[in-house]
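Novice: okay, predicted coordinates and the sequence, questions at the end:
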Amino acid sequence: MNFDWSLYIQLADELITHQRTPDLHEAYLRTAISRSYYCVFCISRNLLVKRGVTIPKVDTHRFVRDNYWKSPDRIEKKIGKDLLNLWRERKEADYEDGANVDINRAKTAHQLAIRILEKLKAIGAT
């Protein structure tokens, strides 16, 4: 049975809204941004695979983004642009010690992921 990557969007929401340990506040928010990104990245990657596209092992994230970005379809171009923006947010949340990650930033990333997910569903992702 394949993992349902859309569950990550629900997890991100829980990480933003149901924090039980105050000392972990920023870790919750950083993880919410990361899971929001990986939800839409994996779904967009899997849609390409379903279409017969071979995904390289190197620079996978860039390849997936560029595949959408370079599409003649307006919705797919927007997906590529949004994936890039969310990828940047995820990179900063995952790697930058001094990044200013607050509740608004996590909510914004989560909402962007939801909009990408809606576009992916509109073009055939399940």
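Specialist: That came through, no problem. Since the structure is predicted, the reported quantities are computational estimates derived from the model, not experimental observations.

Novice: is it correct that Ile116 is in contact with Leu86?
Specialist: Yes - with contact defined as C-beta atoms under 8 Å, Ile116 counts as touching Leu86 (6.9 Å). Glycine gets a C-beta too; all of them are placed from N, C-alpha and C.

Novice: the two: which has the busier surroundings?
Specialist: Neighbour tally, Ile116 and Leu86, criterion other C-beta atoms under 10 Å: the higher count belongs to Ile116, 28 against 25.

Novice: mind listing what that one touches?
Specialist: With contact taken as C-beta atoms under 8 Å, 6 or more residues apart in numbering, Ile116 is in contact with 40, 44, 79, 82-83, 86.

Novice: tell me the buried residues within the residues you listed.
Specialist: The neighbour count (16 or more other C-beta atoms under 10 Å) marks 40, 44, 79, 82-83, 86 as buried among the contacts of Ile116.

Novice: for the residues you listed, which one is nearest Asp23?
Specialist: Leu86 (26.9 Å; C-beta to C-beta).
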